[in-house]
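[1] heads up, no residue letters with this:
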């Protein structure tokens, strides 16, 4: 079942007096439960595509469909609601809220909506996620008291707390050492398998790309390769 | 605790320097407002209490005039008696005042001005700043002291009905004693030179008493009480004052001549002319007698006190309707009108204070705005992350509002506590008024402020308002932050 689809998507950025075409007509689709890597060197357009998939940016032309809904006609409010209900985000720089502790950071997305679990159900769900990412001992710690890997684990738990259909991870291992990066990818993959959550992550690291089931390789704003690899459980 | 409040307080602690800058501004604002308003309120209440209890009562009635009329006369305190009109239909007005429900008593007064000297003594005090100036209240003791009970004799007694004489304040007594070089005694004759619209009048009156007031003020220092006829004469309210004196053509021609004509060319003024000039003098004793005879029906003002002073505006309105209906050219007003320049001086100070507060508020808003803008710029990633995670713009707006209000409440309360402390310290210092203006502001010789809870609440509301205004522009910047900013590596 296709959960995300890009149809001839272009993105042009103004850069001073000139325009830069970061994405030059990209089309591909992502199946539900995919563990997909959008790979490519710097400047290939992978972050731009991830931004459009995450509904934080709009294409100049073409269509982005999330669960069959085109995003280009949605208002800011509807896009925000779509992000909250359907998408989870894992950022390269972790982007945790510095004044909130681990538990509160994970809880935060639930406080932005009305449909999430409440009371005991909520706390049990957050505790479950904390256990899943192995941070039971760090629950009350602030982000600045955690290592990079621990912070990214918090970000993963936060991305999953609203039970989104899709989790977007923009170079999730870029700020981590290679061992920690592998652990984070392993964690993401385990959750992908356990929860059937679609994971879309961008990377330029060839070793990490190999962990994906589905690879979309970009070069100069175009799809160079779109391959499904043998599933590695 | 709701997450917004949690985030707000933790952000305040996280960004201590900025919180302190904004907080100190807000706290100082509260201190200035609470202490300043306390000072203003104390001065205003002090002047009000002093004037109502001592001189004006709750209701003040005077003849209608183009000039502003106060207890001190028309237009101005000094010499205002020149233009003050007599209260029309005096008996009818007094009867109406006394029959008005809720009235304690009504009395009337003539105000005059004069210079005093102890008979037989010359001024020995040559200090230019010392004065023997008198603000003379010509009163009817039978009703006046029922209305105004705060004057207590420290020497002699108060004026008795029908008694002619002078009762001076303790400050005036001390000044006159210093001027004449001897300690005045009860029964001493005081020569008062009145300054009215008919020119200078001189009367000798015995010193009947020296009084002190419950609360002293600049006004009380100069006030002296005299029987009303003495003040009427000193102010020119006499029967013969307005009589026409017939002048012959010959006298008119002499008045028209200039000095050169009179003292040049060997011409002399004839004896006959002198005789002619002296002719009207034959009538002089009768006219002089009339001029020296007080117009016993003349009163400048009526004052009244109510059992419930809060009813004053309603009673005043009712009286003015009645005056209009009866065709009486009089107007009733409150103590503030009666107090004239004394009350308006407080208003002027309050206006100056309010203007200063507005300027300080604008400066504070600009500084706070800049500080908050820096805060928004620093938190661009955080705001972008929140937006990416699903926070609507309204959430971001509320988050900044809660942070702003949190800092306003915390530092507002700290400022309030410090303001109470500052007022306590100022009161403990027993600051004394070193000049007449300060004496008005202090509502007495010593500053004693009290904090009005309503004023504290208003100060906090105002500071909160300033904080909210200051956060509007930074919030508008925050709302422009796109969620894509979260995706950009820091």
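    Nice, I can see it. Fair warning: this is a prediction, and the values are worked out from it, not measured in the lab. Numbering: from 1, shown residues only, chains lettered A, B, ... in the order given.
[2] hey, let's count contacts and neighbours off CA atoms from now on
    Will do.
[3] tell me the buried residues in stretch B:326-341?
    B:328, B:330-341 (16 or more other CA atoms under 10 Å in any protein chain shown).
[4] what helix or strand does the residue of chain A found nearest chain B sit in?
    Closest approach between chain A and chain B, counting by CA to the nearest CA: residue A:84, at 4.2 Å. Secondary structure from DSSP states H and E places residue A:84 in helix A:76-86.
[5] let me see the mean pLDDT of that helix.
    In this model, helix A:76-86 has a mean pLDDT of 92.
[6] packing partners of that helix?
    When contacts are defined as 3 or more CA pairs under 8 Å, 6 or more residues apart in numbering or on different chains; DSSP states H and E, helix A:76-86 packs onto helix B:380-389.
[7] so residue A:166 sits against residue A:198, correct?
    Yes. Using CA atoms under 8 Å as the test, residue A:166 is close enough to residue A:198 to be in contact (4.7 Å).
[8] so what are the domain limits for chain B?
    B:3-50+B:344-487, B:59-238+B:294-333, B:249-288 (automatic domain parsing).
[9] okay, now residue A:137: neighbour count?
    Residue A:137 has 9 neighbours, counted by other CA atoms under 10 Å in any protein chain shown.
[10] from residue A:19, how far out is it?
    In this view, residue A:137 and residue A:19 are 50 Å apart by CA to CA, to the nearest Å.
[11] ok, now residue B:465?
    Distance from residue B:465 to residue A:19, by CA to CA: 45 Å.
[12] more neighbours: those two, which one.
    Just comparing residue B:465 and residue A:19: by other CA under 10 Å the higher neighbour count belongs to residue B:465, 14 against 10.
[13] show me where chain B has its strands.
    Taking DSSP state E to define them, one finds strands in chain B at B:59-63, B:69-70, B:73-74, B:103-118, B:133-139, B:152-156, B:166-169, B:189-196, B:199-212, B:223-227, B:301-306, B:330-333.
[14] residue A:131 is nearest to which of those strands?
    Closest to residue A:131 of those is strand B:301-306 (CA to CA; 78.3 Å).
[15] helices or strands next to the closest one in the packing?
    strand B:59-63, strand B:103-118.
[16] would you mind finding the most buried of those strands?
    With neighbours defined as mean count of other CA atoms under 10 Å in any protein chain shown, the helices and strands packed on strand B:301-306 peak in mean count at strand B:59-63, which reaches a mean of 27.
[17] who does that one pair up with?
    The strands beside strand B:59-63 in its sheet (DSSP bridges) come out as strand B:301-306 (antiparallel), strand B:330-333 (antiparallel).
[18] in a markdown table: the ones you listed, plus mean pLDDT.
    Shown next, in a markdown table, are the strands paired with strand B:59-63 (pLDDT from 0 to 100):
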| stretch | mean pLDDT |
| --- | --- |
| strand B:301-306 | 94 |
| strand B:330-333 | 94 |
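[19] of those strands, which approaches residue A:32 most closely?
    Closest to residue A:32 of the strands paired with strand B:59-63 is strand B:330-333 (CA to CA; 84.6 Å).
[20] identify the bridge partners of the closest residue to residue B:228 other than its chain neighbours.
    Take residue B:228 and drop its neighbours on the chain: the residue closest to it by CA to CA, 6 or more residues apart in numbering or on different chains is residue B:138, 3.8 Å away. Going by DSSP bridges, residue B:138 is paired in beta bridges with residue B:110, residue B:226.
[21] can you pull the contacts of residue B:138?
    Residues near residue B:138 by CA atoms under 8 Å, 6 or more residues apart in numbering or on different chains: B:109, B:110, B:111, B:112, B:225, B:226, B:227, B:228, B:229, B:230, B:231, B:232.
[22] make JSON lines out of the strands paired with strand B:59-63 and add distance to residue B:172.
    Below are these laid out as JSON lines (distance: least, CA to CA, whole Å):
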{"stretch": "strand B:301-306", "distance to residue B:172": "24"}
{"stretch": "strand B:330-333", "distance to residue B:172": "29"}
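[23] tell me which of these lies nearest to residue A:211.
    strand B:330-333 (91.9 Å).
[24] so who does the closest residue to chain A within the stretch 1-150 of chain B touch?
    In the stretch 1-150 of chain B, the residue that lies nearest chain A is residue B:10 (5.8 Å; CA to the nearest CA). The contact partners of residue B:10, taken as CA under 8 Å, 6+ apart, are residue A:99.
[25] give me the distance between the nearest residue to residue B:19 once chain neighbours are set aside and residue B:406.
    Using CA to CA, 6+ apart and skipping the chain neighbours, the partner closest in space to residue B:19 is residue B:12 (5.5 Å). Residue B:12 is 9 Å from residue B:406, where distance means CA to CA.
[26] again, but for residue A:75
    Relative to residue B:406, and taking CA to CA, residue A:75 is found at 32 Å.
[27] looking at those two, which one has more neighbours?
    Taking neighbours as other CA under 10 Å, residue A:75 and residue B:406 compare with residue B:406 leading, 19 against 10.
[28] and the pLDDT for that one?
    For residue B:406, the pLDDT comes out at 89.
[29] that one and residue B:412, how far apart?
    Per CA to CA, residue B:406 is found 9 Å from residue B:412.
[30] contacts only, for the most centrally placed residue in chain B.
    For chain B, the residue sitting closest to the mean C-alpha position, by CA atoms, centre = their mean, is residue B:343 at 1.7 Å. By CA under 8 Å, 6+ apart, the residues touching residue B:343 are B:44, B:47, B:48, B:336, B:337.
[31] got a markdown table for the residues you listed, with distance to residue B:201 and pLDDT too?
    Output for these, formatted as a markdown table (distance: CA to CA, whole Å; pLDDT from 0 to 100):
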| residue | distance to residue B:201 | pLDDT |
| --- | --- | --- |
| B:44 | 37 | 81 |
| B:47 | 32 | 79 |
| B:48 | 33 | 83 |
| B:336 | 31 | 88 |
| B:337 | 29 | 89 |
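[32] can you tell if stretch B:397-408 touches chain A?
    No. Against chain A, stretch B:397-408 shows no contacts by CA under 8 Å from any CA of the partner chain, the least distance being 11.9 Å.
[33] now do stretch B:469-479
    No. Using CA under 8 Å from any CA, stretch B:469-479 stays clear of chain A, coming no nearer than 11.6 Å.
[34] quick check: buried residues in that stretch?
    B:469, B:470, B:471, B:472, B:474, B:475, B:478, B:479.
[35] so how far is the least confident helix or strand in chain A by mean pLDDT from its chain's centroid?
    Scoring the helices and strands of chain A by mean pLDDT, DSSP states H and E places helix A:206-209 at the bottom, with a mean of 81. From the chain centre to the centre of helix A:206-209 is a distance of 17 Å (CA atoms, centre = their mean, to the nearest Å).
[36] can you name the next helix or strand after that helix?
    Moving toward the C-terminus from helix A:206-209, the next element (DSSP H and E) is strand A:214-219.
[37] which other helices and strands does that following strand contact?
    strand A:35-39, strand A:222-228.
[38] what mean pLDDT would you report for the first one?
    The one in question is strand A:35-39. On average, strand A:35-39 scores 93.
[39] list the strands paired with it, with their directions.
    strand A:198-203 (parallel), strand A:214-219 (parallel).
[40] how far off centre is that strand?
    With CA atoms, centre = their mean, you get 10 Å for strand A:35-39.
[41] that one vs strand A:222-228, what angle?
    Angle of strand A:35-39 versus strand A:222-228, following axes from the mean of the first three to the mean of the last three CA atoms, to 10 degrees, is 150 degrees.
[42] what's strand A:35-39 in contact with?
    A:30, A:46, A:189, A:192, A:198-205, A:209, A:212-218.
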